[in-house]
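Student: I'd like to go over a predicted model; first the sequence, then the structure.
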Amino acid sequence: MEKTWRWFGPNDKITLDMLRQIGVEGIVTSLHHLKAGEIWTREEVSKMRNFIESHGLRWSVVESLPVSESIKYGGADRDILIENYKESLRNLGREGVTTICYNFMPVLDWARTDLDYPNEDGTSNLYFNRAEFAYFDIHILKRDGAEAEWDAKTLERVELLKKSMTKEREHTLVENIIVKTQCFVGGNITDDDEAPLTTFRSLLALYKNIDIETLRANMKYFLEAIMPICDEYNINMCVHPDDPPMQILGLPRIVCTADDIRWLLNAVPNPHNGLTFCAGSLSAGAQNDVNAMSREFASRTHFVHLRRCQVMPNGDFKEAAHLGEGRADLIDIVRVFETSLRERGLCSKALPMRVDHAPLMLGDEKMGYNAGYSFHGRMLALGQMAGVMAVIDREFKN
Ligand code: DNO
């Protein structure tokens, strides 16, 4: 696979020159200065492409070209926003940037309660504490009917938590769940929002009458509308699975399980309607056999995220080391994709992969990196995954 790296644009403290030194081949980025729904002009796309190429790298993947909420819930202006999306795709296609990652998660792009959960070895990771998330839902957000949606064991933990909860921790939970994880990925809440909870509540309200069936219909509508452009420019759309892959905050979520993915790929059978195989997101769902899913969906996978989670008996999950304890066997998954490429007569570099979130280590914690996107942690993970790929490549040559 092609070794790519998520880079956040010219203001990223991790520079393209640094990335070349550690063996990165392709860049994954977005036009982060544009808001969801704005047209990406050919000039803007070309400027970014040239900047990346002037550093000896290529713009391999757009992550993300965000889908506006109105397209997801089916608002009055959705057709206008879909036209804008199509225009952005055309401009990307004209510039030869043809792998597009996006997601179809209502309101919240991804969810974690802890951004620096300490490990025994002195590093720290992202963590999802189910009870703290439920606490946020019931006691901070105060969402109607929230309590009834949580299981008895989690509610018992919430009761315990109530006894030790402080204002500071409540504030940190809000920051972690709806601000710090969202502001840098083109999410709904920006870091200068003075009332993030109010904004968040009004976004949730947009989905009051939207159930799974409606969201599915809206996703199909969106995909069918953009497929002609994808055919014309050979663009691969790669939906990112819901993270975590479960129903949360009363919102419908439709890319959580193998059945969901089967539905999505069959609903719009065009091969340009494909998947970002995020092993990490999928592994956070105890229902998912991630390795079996990689086999089943390899031929419709156009982009791979390598990471893995460890799921605790109480439903918490922790982002584990790439070669450590976790629910997805990344060595096997790399082998699945490398094999599938060769079976389909494609060159190994035809499929971009990036290491996803990795621990904070060796001074990363002082650098203010975006949550999950450390330098040393990701560099170590990339080294490990590059080693796995090299061994597998050697096996194919022998
Ligand atoms: C977080 C990411 C997500 C992902 C988007 C893709 O680190 O996994 O923000 O990039 O959901 O659209």
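Tutor: Looks like it came in fine. Numbering: from 1, shown residues only.

Student: got the contact list for the residue of the stretch 251-398 of the chain found nearest the ligand?
Tutor: Of all residues in the stretch 251-398 of the chain, the one sitting closest to the ligand is G372 (5.0 Å; CB to the nearest ligand atom). Yep, even glycine has a C-beta here, placed from its N, CA and C like the rest. G372 sits next to R112, L115, L126, T181, E319, D356, H357, A358 when contact means CB atoms under 8 Å, 6 or more residues apart in numbering.

Student: Redo the residues you listed as a markdown table? Include pLDDT and secondary structure.
Tutor: Supplementary listing: the contacts of G372 in a markdown table, determined by pLDDT from 0 to 100; DSSP: H, G, I helix; E, B strand; the rest coil:
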| residue | pLDDT | secondary structure |
| --- | --- | --- |
| R112 | 98 | coil |
| L115 | 97 | strand |
| L126 | 98 | strand |
| T181 | 95 | coil |
| E319 | 95 | strand |
| D356 | 96 | coil |
| H357 | 96 | coil |
| A358 | 96 | coil |
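
Student: is it fair to say the residue of the stretch 251-398 of the chain closest to the ligand lies in a helix?
Tutor: No - checked against DSSP: H, G, I helix; E, B strand; the rest coil, G372 lies outside a helix; its state is coil.

Student: if we can go back for a sec, select only the buried ones of the contacts of G372 in PyMOL?
Tutor: In PyMOL, this line selects whichever of the contacts of G372 come out buried by 16 or more other CB atoms under 10 Å:
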select buried, resi 112+115+126+181+319+356+357+358
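
Student: Go through the contacts of G372 and say which is closest to E83.
Tutor: Comparing the contacts of G372 against E83 with CB to CB places T181 closest, at 30.0 Å.

Student: and the end-to-end length of stretch 32-44?
Tutor: 11 Å (CA to CA, to the nearest Å).

Student: Oh, that last question was meant for stretch 323-339, not what I typed.
Tutor: End-to-end distance (CA to CA), stretch 323-339: 20 Å.

Student: Only the buried residues of that stretch, if you could.
Tutor: Residues of stretch 323-339 classed as buried by neighbour count (16+ other CB under 10 Å): L323, G326, R327, A328, D329, L330, I333, V334, R335, V336, F337, E338.

Student: which other residues reach that stretch?
Tutor: Residues from elsewhere that reach stretch 323-339 (CB under 8 Å, 6+ apart): 1, 277, 279-280, 282-284, 286, 288, 290-291, 294-295, 298, 301, 304, 306-311, 320, 322, 348, 351, 353, 384-385, 388-389, 392-393, 396.

Student: Next, name the residue at the spatial heart of the chain.
Tutor: H240 (5.4 Å; CA atoms, centre = their mean).

Student: Pretty sure G274 is one of the things that one touches, is it not?
Tutor: No - the pair H240 / G274 is not scored as a contact, 11.2 Å apart, by CB atoms under 8 Å.

Student: what touches both of the two?
Tutor: Joint contacts of H240 and G274 (CB under 8 Å, 6+ apart) do not exist.

Student: What are the neighbouring residues in contact with A320?
Tutor: A320 sits next to N125, R308, C309, Q310, G326 when contact means CB under 8 Å, 6+ apart.

Student: What sits closest to it if chain neighbours are left out?
Tutor: Counting by CB to CB, 6 or more residues apart in numbering, A320 lies nearest to G326, which is 3.7 Å off, once chain neighbours are set aside.

Student: My reading is that the one you found is in a strand; is that accurate?
Tutor: No - looking at G326 with three-state DSSP, it is coil, so not inside a strand.

Student: returning to what we had before: among the contacts of A320, who's most crowded?
Tutor: C309 (29 neighbours; other CB atoms under 10 Å).

Student: give the contact list for that residue.
Tutor: G280, S283, A284, F317, K318, E319, A320, G326, R327, A328.

Student: The residue nearest to T301 when sequence neighbours are not counted and S348, how far apart?
Tutor: Sequence neighbours aside, F277 is the residue nearest to T301 in space, at 4.4 Å (criterion: CB to CB, 6+ apart). The gap separating F277 from S348 is 16 Å, by CB to CB, to the nearest Å.

Student: now the helices: where do they sit in this structure?
Tutor: For the chain, the helices defined by DSSP state H occupy 16-21, 42-53, 69-73, 78-94, 130-135, 152-164, 167-174, 196-205, 212-233, 258-267, 279-283, 290-297, 330-343, 376-397.

Student: F277 and S348: who's more crowded?
Tutor: F277 (28 against 15).

Student: and the more buried one, what does it touch?
Tutor: M293, S294, F297, A298, T301, F303, V304, H305, I333, F337.

Student: which residues does it form a beta bridge with?
Tutor: Beta-bridge pairing of F277, defined through DSSP bridges, involves V304.

Student: quick one: pLDDT of it?
Tutor: Note on F277: pLDDT of 98.

Student: Could you dump the buried residues of stretch 323-339 into TSV and include pLDDT and distance to T214?
Tutor: Listed next are the buried residues of stretch 323-339 as TSV, based on pLDDT from 0 to 100; distance: CB to CB, whole Å:
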residue	pLDDT	distance to T214
L323	93	41
G326	88	34
R327	93	31
A328	95	31
D329	96	36
L330	97	36
I333	98	33
V334	98	37
R335	97	39
V336	98	34
F337	98	33
E338	97	39
